[in-house]
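>>> Pasted the sequence and its predicted model underneath.
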Amino acid sequence: MSRTAPPSPPAPLSALVLQGGGARGAYQTGAIRAIAEITGSRRSPFGIVCGASVGAINAASLAAASQDFQAGARHLESLWQSLRSSSVYDTRTLPLLATGLRWALSPVLRYLGVPAPGGFLDHAPLGRLLEREYKPAHLRRAIRSGALHAFCITASSYSEGTSVTYFEGSRSIRNWQRVRRRGERALIGPQHLLASAALPLAFAPVALSNGYFGDGSLRLGSPLSPAIHCGARRILVISTRDRTPDAPGRSRPGHGPGIGEVAGHVLDILFNDNLEADYERLTRINRTVSLLGSEARKQTPLREIEALLLQPSQDLRTVARAHAARLPRAVGMLMRGFGALEADGRIESYLMFEPDYIGALISAGYTDTMARAAEIRAFFGRG
């Protein structure tokens, strides 16, 4: 007499978390190509895909291709390789000079009733790119097929002073509410992605149905939280900053930081500090939970969540400085006016979407990730 085998337990949900980084998002693309090669999986190994800022744009492309991860990785790399700075923001000389002049005269213009510009770069080209590239129908097909459990993107509300994570996915996922951050089910469109990627000061805020929004990294104090709320038991994080802090005295002797250098530090903090702190917090919680006995574990909602952080092995500012001459002329003039090009390459590393630099970042992401192939196989239980 035959006996029906008991059903296998569901595989632990793996999440991919992609944080911001402007042009450094190309590094994530190279890392994703390597992951596709290492896993060899047709269906995406990530049931949950979360992103903020440029990470939201990369996440959207991958989530929509969850039924064919290999094709999705190839398409994302091809998209990045086709980019120019003019694909993301207006690089024409006259509009840039006009915006710079409006910024300089904004106190006077405000007195005359003329509103100040929302950002010194016009992100209309990025908006058009997202309208062409983002495929909501593909995303919803992936969810219906079971290849995708959840897709999350985060934007920062200027109207409410909160971080809002918009998500689509399984009906089992509920909205959540925490201090100054919440998760909200929504039909995610290109405007949500544009809002998530709207760098403060660089790009104007984006209007959504419930107010004006900007870069998702701005108020995202817990970047791993959306993946956990959606049920992740394993989280792979791709950062865009190397792990080595600057040595003391790196700044030019006798000079205080100019506005361009300060702006570069703001972007660095915005995109990376919260991510690294949250990852450190997760590993500390895992260690604490591992020390608890079985009875004590029943008394706490905390659980161990396996995590793996991929980071550049080199300082991407060095890569940016090597390619800074490729910046569009008008953009270089604007950055030089702010003192950015006299700094350490930080701000151009986030704002330079030129082929040579993008190609170097893709190559770095691929090489760094392939060097950790054994860890990645073990992460997915393929060791």
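Alright, I've got the coordinates. In this text the structure is predicted, and so the values were computed from the model without any measurement. Numbers count the residues shown, from 1 in each chain.
>>> any idea which helix or strand carries Ala374?
When elements are defined using DSSP states H and E, Ala374 is found to belong to helix 373-379.
>>> And for that helix, what's in contact with it?
By CB atoms under 8 Å, 6 or more residues apart in numbering, the list of residues contacting helix 373-379 from outside reads 14, 34-35, 38-39, 234, 236, 306, 308, 369, 383. (Glycine included, C-beta is placed from N, CA and C.)
>>> Among those residues, name the ones in helices.
34-35, 38-39, 369 (DSSP state H).
>>> With respect to Gln191, which of the residues you listed is nearest?
Out of these, the one with the shortest distance to Gln191 is Ile35. That distance is 29.0 Å, counting by CB to CB.
>>> Distance of the closest one relative to Arg219?
When distance is defined by CB to CB, to the nearest Å, Ile35 is 29 Å away from Arg219.
>>> neighbour-wise, which of the two wins?
Each of Ile35 and Arg219 has its neighbours counted (other CB atoms under 10 Å); Ile35 has more, 28 against 22.
>>> Touching, that one and Asp368? I think so.
No - using CB atoms under 8 Å, Ile35 and Asp368 do not qualify as a contacting pair, with a distance of 11.5 Å.
>>> For burial, what's the neighbour tally of the closest residue to Ile347 other than its chain neighbours?
In this structure, Ile347 finds its nearest non-sequential neighbour in Gly264, 3.8 Å apart by CB to CB, 6 or more residues apart in numbering. For Gly264, the number of neighbouring residues by other CB under 10 Å comes to 24.
>>> Looks to me like Gly264 is in a helix.
Yes - counting by DSSP: H, G, I helix; E, B strand; the rest coil, Gly264 is found in a helix.
>>> thought it was touching Met335?
No - because the distance of 10.0 Å does not satisfy CB under 8 Å, Gly264 is recorded as not touching Met335.
>>> and for those two, which residues touch both?
Both Gly264 and Met335 are contacted by Ile347, under the criterion CB under 8 Å, 6+ apart.
>>> follow-up on the earlier one: scan the contacts of helix 373-379 and report the most crowded one.
Using other CB under 10 Å as the neighbour test, the contacts of helix 373-379 are led by Ile35, with 28 neighbours.
>>> any low-confidence regions in the chain?
Low-confidence segments of the chain, defined by pLDDT under 70, span residues 1-11, 100-117, 247-256, 258-260, 336-343, 383.
>>> That one: strands as residue ranges?
Assigned by DSSP state E, the strands in the chain fall at 14-18, 48-52, 150-157, 162-169, 176-178, 181-185, 206-208, 211-214, 234-238, 306-310.
>>> For the fifth one, name the packing helices and strands.
Strand 176-178 is packed against strand 181-185, with contacts defined by 3 or more CB pairs under 8 Å, 6 or more residues apart in numbering; DSSP states H and E.
>>> before we move on, the earlier item: tabulate the ones in helices among the contacts of helix 373-379 (CSV), appending distance to Leu199.
Shown next, in CSV, are these (distance: CB to CB, whole Å):
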residue, distance to Leu199
Ala34, 27
Ile35, 27
Ile38, 32
Thr39, 32
Thr369, 26
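>>> In those residues, find the pair that's most separated.
Spatial extent of the ones in helices among the contacts of helix 373-379 (CB to CB) is set by the pair Thr39 and Thr369 at 11.2 Å.
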